[in-house]
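*Asks:* Next come a sequence and a model predicted from it.
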Amino acid sequence: MLYNEVTKENINKMVVRFYAAVTKDDIVGPFFIQKLGDKMNTYLWKTHLELLTNFWSSIALGDTAYKGNPFAPHLQLQDLKTETFQQWLKLFYKTQDDTFTPDIADFFKQRSTIIAGNFMRNLNLR
């Protein structure tokens, strides 16, 4: 079932679905598994999933629960490449298509493309 509205609950389901795919991916997964482990039911993962739910809720709903700097953690990661971000976007796009109706999925795809582009530019990957 595709969601036809954006709620914090639906965003959380999208975030969990996305990171479940990420942990199985050979390109993007190792970055997250190295920092958070390979089991998504741990405190570290639950904290990360809540943080990203709040992040995407701030973008889509104007929710004010997100407190942080989304770019800062990426400065600590070694071996990030353009291909890493391209794969991240591929997984993210698929998750949107599997979670939301096309108009909502497109909203998240557009925002994620802008964010990934900014991150790559700030990391001098372009």
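*Replies:* It's in. Residues are numbered from 1 along each chain as shown.
*Asks:* Please make it C-alpha for all contacts and neighbour counts, starting now.
*Replies:* OK.
*Asks:* where does the protein have low pLDDT?
*Replies:* The model of the chain has pLDDT under 70 over residues 126.
*Asks:* List the contacts of Asp63.
*Replies:* Each residue near Asp63 by CA atoms under 8 Å, 6 or more residues apart in numbering is listed here: Asn54, Ser57.
*Asks:* Find the helix or strand that it is a member of.
*Replies:* Following DSSP states H and E, there is no helix or strand that holds Asp63.
*Asks:* how far away is it from Pro73?
*Replies:* To Pro73, Asp63 is 21 Å away according to CA to CA, to the nearest Å.
*Asks:* Same check on Lys24?
*Replies:* Here the criterion is CA to CA. By it, Lys24 lies 21 Å from Pro73.
*Asks:* cool, Asn12 as well?
*Replies:* 21 Å.
*Asks:* So between these two, which is more surrounded?
*Replies:* Per other CA atoms under 10 Å, whichever of Asn12 and Pro73 has more neighbours is Asn12, with 19 against 9.
*Asks:* so that one makes contact with Leu51?
*Replies:* No - in this structure, Asn12 is not within contact of Leu51 by CA atoms under 8 Å, at 9.9 Å.
*Asks:* report the longest helix in this protein, please.
*Replies:* helix 102-122 (DSSP state H).
*Asks:* what does that one contact?
*Replies:* Against helix 102-122 from outside (CA under 8 Å, 6+ apart): 4-6, 60, 71, 82, 85, 89, 92-93, 96-97, 99, 126.
*Asks:* among those, which ones are buried?
*Replies:* Among the contacts of helix 102-122, those classed as buried by 16 or more other CA atoms under 10 Å are Ala60, Thr82, Phe85, Leu89, Phe92, Tyr93, Gln96, Asp97, Thr99.
*Asks:* OK, contacts around the fifth one?
*Replies:* Okay, so that is Phe92. Counted by CA under 8 Å, 6+ apart, Phe92 has contacts Phe18, Lys109, Ser112.
*Asks:* and the first one, how many neighbours?
*Replies:* It refers to Phe18. When neighbours are counted by other CA under 10 Å, Phe18 registers 21.
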